[in-house]
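Visitor: need a 3D model of the following:
(one chain, ligands or ions: 2)
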Amino acid sequence: MLVLGIETSCDETAVAVVNKNRKILSNVILTQIQEHKPYGGIVPELAARAHLKQLHFIIDEAMKKARINFTDITAIAATAGPGLIGGLLVGVTMAKAMASVHEKPFLAINHLAGHALIPRLTDRVKFPYLLLLTSGGHCQLLVVEGADSFNRIGTTKDDALGEVFDKVAKMLGLGIPGGPVVQKCAEAGNSSRFLLPRPMLGRTGCDFSFSGLKTAVRFLIEKFPANRLTSEDIADICASFQLAATEAVVDRTGHAIDICKKNYPRINRLVISGGVAANTKLRRCLKTLTAAKDFQFTAPPIDLCTDNAVMIAWAALEKLNKEQINNKNDDMSFKPRPRWPLSQKNQLI
Ligand code: KG4
Ligand code: ZN
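Guide: Ligands and ions are numbered 1, 2, ... in the order given. Alright, predicted model coming up:
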């Protein structure tokens, strides 16, 4: 079984070929970051146009690298949501067209399911597990019971953590993408110079909130006279912010582990995924947390935490593994969805 996966939900045009034995035959990612840089953030129309311009080259490259042709492919999969609708339409339409011409089944894949299931490819993680999914658009704690069975036990009440990293970078004039550059600056900084709020610390449940922290960073920056931030100030703000965000996430995740111990005794592993899961400080602190709570810890390699198409092809393989999908019952009529939650409501049990 061999799947070609396409990811176009945000600003990465990505295509990968993966087989059912977890072998990644190719993994091509073209980032559009340079095109969006002058605007200080992702411009949806530009993103869609760039996907349209590049996708067929990336498909070609991924197939050449994998040394396959269409006869070798079992199914074609694309991210069908959640994400920017223009980009989703480009990826889904291309995948449907290829599936139709080459008489292969088409699979519509949820981007979040891609992030959620990738640790099963990289680390052979078994169901069920506790997942911290933290990216540019989401920050959730989920119990993953099966390839299509997710129970959300915590989510952010306002901003996603990646979004806040991006905003902090923007306020400091550090450019995009914010996460990696804030992490880099934080390495040289003093994390105890500024005391920033740790939102939701100690509250019951495991929801997140980051807008207060974002505002506190804004007020802190505004205290400096215009354009008078030194590189040392910037490093210290990044380090203080990263520490506050990490401690908030560790607290919420600690509660989630306690909830699992009580309500899901079969779960003994925390898995992290999504772009912010690439953050070294967060990875280190969550590792310490799990060790203290006698939980296993899995963090996929950094390039598979951020957006990629391997996770889309892999989620499709998981679906194929569960269901007998052929051209008669494939997802050809599936329409891309800008919103597509993995699980609708917060449930503790
Ligand atoms: O999963 P992802 O690639 O795309 C979405 O599905 O959103 O996540 C992108 C987000 C961005 O907000 C980016 O700034 C953040 O992940 N990110 C990081 C790091 N690398 C990427 N945040 C903190 N530290 C990082 N090292
Ligand atoms: Zn993502």
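Visitor: who's in contact with residue 84?
Guide: 9-10, 42, 44, 47-48, 338 (Cβ atoms under 8 Å, 6 or more residues apart in numbering). Placement of C-beta: from N, CA and C, glycine included.
Visitor: with residue 140 instead?
Guide: 131-134, 152, 154-156, 342.
Visitor: hmm, 10 Å instead?
Guide: 112, 115-116, 131-134, 150, 152-156, 160, 206-208, 274, 341-343, 346 (Cβ atoms under 10 Å, 6 or more residues apart in numbering).
Visitor: also residue 331?
Guide: Counted by Cβ under 10 Å, 6+ apart, residue 331 has contacts 75, 77-78, 80, 92, 95-96, 99, 105-109, 316, 319, 325.
Visitor: in strands, which of those appear?
Guide: 75, 77-78, 80, 106-109 (DSSP state E).
Visitor: among these, which pair sits farthest apart?
Guide: 75 and 80 (13.8 Å; Cβ to Cβ).
Visitor: the residue nearest the centre of the chain - nearest residue in space that isn't next to it in sequence?
Guide: The chain has residue 274 as the residue nearest its centroid, 2.5 Å off, counting by Cα atoms, centre = their mean. Using Cβ to Cβ, 6 or more residues apart in numbering and skipping the chain neighbours, the partner closest in space to residue 274 is residue 135 (3.4 Å).
Visitor: any idea how far residue 307 is from that neighbour?
Guide: According to Cβ to Cβ, to the nearest Å, residue 135 and residue 307 sit 8 Å apart.
Visitor: give me the common contacts of the two.
Guide: Shared contacts of residue 135 and residue 307 (Cβ under 10 Å, 6+ apart): 10, 111, 115, 274-275.
Visitor: which one among those residues gets closest to residue 223?
Guide: residue 275 (29.6 Å).
Visitor: residues near that closest one, how many?
Guide: 25 (other Cβ atoms under 10 Å).
Visitor: in the chain, which spans are helices?
Guide: 33-36, 44-66, 85-101, 111-122, 161-171, 178-187, 211-223, 231-263, 280-292, 302-305, 310-322 (DSSP state H).
Visitor: which strands or helices does the first one pack on?
Guide: Here helix 33-36 touches helix 44-66, going by 3 or more Cβ pairs under 10 Å, 6 or more residues apart in numbering; DSSP states H and E.
Visitor: okay, buried residues for the helix it packs on please.
Guide: Across helix 44-66, burial judged by 16 or more other Cβ atoms under 10 Å covers 44, 46-52, 54-55, 58-59, 62-63, 66.
Visitor: before we move on, what about stretch 323-333?
Guide: Those would be 325, 330-331, for stretch 323-333 by 16+ other Cβ under 10 Å.
Visitor: give me the subset of those touching ligand 1.
Guide: Among the buried residues of stretch 323-333, no residue sits close to ligand 1 (Cβ under 6 Å from any ligand atom).
Visitor: so among the residues you listed, where is pLDDT lowest?
Guide: When the buried residues of stretch 323-333 are compared by pLDDT, residue 325 scores lowest at 91.
Visitor: please name the nearest non-neighbouring residue to it.
Guide: Per Cβ to Cβ, 6+ apart, closest to residue 325 is residue 105, 5.1 Å.
Visitor: isn't residue 17 up against residue 60?
Guide: No: between residue 17 and residue 60 there is no contact under Cβ atoms under 10 Å: 11.9 Å.
Visitor: got any residues that touch both of the two?
Guide: residue 28.
Visitor: show the contacting residues for the closest residue to residue 179 other than its chain neighbours.
Guide: Closest residue to residue 179 apart from its sequence neighbours, by Cβ to Cβ, 6+ apart: residue 165 at 4.3 Å. Residue 165 sits next to 134, 136, 159, 177-183, 210, 214, 238, 241-242, 245, 275-276, 279 when contact means Cβ under 10 Å, 6+ apart.
Visitor: and the residues you listed near ligand 1, which?
Guide: 136, 177-180, 183, 275-276, 279.
Visitor: show me how to select, in ChimeraX, the buried members of those residues.
Guide: Those of those that count as buried under 16+ other Cβ under 10 Å are selected in ChimeraX with:
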select :136,177,178,179,180,183,275,276,279
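Visitor: a markdown table for the helices of the chain, including mean pLDDT?
Guide: Formatted as a markdown table, the helices of the chain follow (pLDDT from 0 to 100):
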| stretch | mean pLDDT |
| --- | --- |
| helix 33-36 | 92 |
| helix 44-66 | 97 |
| helix 85-101 | 98 |
| helix 111-122 | 98 |
| helix 161-171 | 97 |
| helix 178-187 | 97 |
| helix 211-223 | 97 |
| helix 231-263 | 98 |
| helix 280-292 | 98 |
| helix 302-305 | 96 |
| helix 310-322 | 96 |
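Visitor: show the pLDDT at the most far-flung residue of the chain relative to its centre.
Guide: Ranked by distance from the centre of the chain (Cα atoms, centre = their mean), the top residue is residue 225, with 36.3 Å. Note for residue 225: predicted pLDDT of 90.
Visitor: and the one 3 residues further on, by the same measure?
Guide: Looking at residue 228, its pLDDT reads 89.
Visitor: next, count neighbours for it.
Guide: Around residue 228 there are 7 residues (other Cβ under 10 Å).
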